[in-house]
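**Q** make a model of this:
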Amino acid sequence: MELKEFVETFICRNSLVRLWYPTKDGNELVIPNDKKSACMEWEIIKEEGVYKRYLTHKVIGITDIYTYGSYPEAINIVIEKIELDDWRQQQLNKLI
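**A** Presented below is the predicted three-dimensional model:
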């Protein structure tokens, strides 16, 4: 199931969401910046916010990762990692 559909179906209104990629040792944040790593579920549904590029990624599962810093209470969703996204992000970082 894709992220947007998953959030619409299973996540309650006004919940904080944080996305993770799977790694061989566990998981890593999709957006490493702590202050920007979480958003409201309605931002995903409305295709807004920091996770709008990940709406079509497949959801792998939910995890109970504890995070330090901002928003430790966010719902942690693990999504598939698409290598093109990494390349695209590197190109954008070069422009900024």
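
**Q** pLDDT value on the residue positioned nearest the centre of the chain, please?
**A** Nearest to the geometric centre of the chain sits L19, at 2.3 Å (CA atoms, centre = their mean). L19 is assigned 95 on the pLDDT scale.

**Q** quick one: low-confidence parts of the protein?
**A** Across the chain, the ranges flagged by pLDDT under 70 are 84-87, 90, 96.

**Q** residue ranges of the helices in it, please?
**A** Remark: helices assigned in the chain by DSSP state H are 3-10, 41-45, 83-95.

**Q** and among the ones you listed, the most buried is which?
**A** Ranked by mean neighbour count under mean count of other CB atoms under 10 Å, these are led by helix 41-45, which reaches a mean of 18. Where you see a C-beta, it was placed from the backbone N, CA and C, and this is true even at glycine.

**Q** out of the helices of the chain, nearest to E28?
**A** Among the helices of the chain, helix 83-95 comes nearest to E28, with 11.4 Å by CB to CB.
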